[in-house]
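K.L.:
need a 3D model of the following:
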Amino acid sequence: MTTTAPAYMSTLLAPGQNLLRAALRLDAVITGVNGLAYLALSGPLESLLGLDREIGIPIGIFLTLYGIGVALVGMAKTINTKAAAVAAAANAAWVVVSLAALVEGVLELNLVGSIWTVMQAATVGGFAALQYLGIRKAR
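P.N.:
Numbers count the residues shown, from 1 in each chain. All right, here's what the predicted structure looks like:
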C-alpha cells in the first residue's frame with residue numbers, strides 16, 4: 001500500500017527554495033488581487049467595510065505595488081533570502097499594525113470590516129510564517 005501526502009504537504013516539506021518560492025508567489029497573487037479589488041471596487045468595499053472614503057484607493061495602490069514587488073522576489077531563479085526576509089518582516093508588521101488599528105479604532109470599521117481585518121491579518125501572518133520557514137530551510 002502506497003500513501004502520498006496531500007499537495008500542500010509536499011510544498012511544506014519541499015526544500016527551502018521551493019517552499020519559499022511557493023510562499024512568495026501565493027502572497028503576491030493574493031495581495032495583488034486584493035489590491036486590484038480595492039482599486040476597482042473602492043466605493044463598494046469602503047461602504048461594506050466601513051472605511052473612510054479616501055482609504056480604499058491608497059490601500060489598493062499599496063497592496064498592488066507590494067504584490068508586484070513580492071512577485072519579483074519570488075520569480076528569481078535563486079531567491080534572495082534577504083529580500084524574502086524583508087517581505088516576511090513587512091507581512092509581520094502588517095499584521096501588527098492592522099490589529100493595533102482595529103483595537104485602537106483608528107479606521108472606525110464596522111463589524112464586517114473588523115472581521116475582514118482579523119481574517120486578513122491571519123492570512124498575511126500565514127504568509128509571513130511560510131516565508132520565514134522557507135528562508136530557514138533555504139539556508
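K.L.:
surely residue 135 meets residue 82?
P.N.:
No - using C-beta atoms under 8 Å, residue 135 is not in contact with residue 82; the gap is 9.1 Å. Just so you know, the C-beta spots here come from the backbone N, C-alpha and C atoms, and that holds for glycine as well.
K.L.:
which one's more surrounded, those two?
P.N.:
Remark: of residue 135 and residue 82, residue 135 carries more neighbours, 21 against 9, as counted by other C-beta atoms under 10 Å.
K.L.:
so who does that one touch?
P.N.:
Residue 135 sits next to 16, 20, 81, 84, 85, 88 when contact means C-beta atoms under 8 Å, 6 or more residues apart in numbering.
K.L.:
would you quantify the distance from residue 135 to residue 83?
P.N.:
According to C-beta to C-beta, to the nearest Å, residue 135 and residue 83 sit 10 Å apart.
K.L.:
just residue 63 next, same as before
P.N.:
Relative to residue 83, and taking C-beta to C-beta, residue 63 is found at 18 Å.
K.L.:
neighbour-wise, which of those two wins?
P.N.:
residue 63 (21 against 16).
K.L.:
list the contacts of that one.
P.N.:
Neighbour list for residue 63: 31, 32, 34, 35, 38 [criterion: C-beta under 8 Å, 6+ apart].
K.L.:
ok, residue 43 next?
P.N.:
53, 56.
K.L.:
one more: residue 120?
P.N.:
Counting by C-beta under 8 Å, 6+ apart, residue 120 touches 34, 98.
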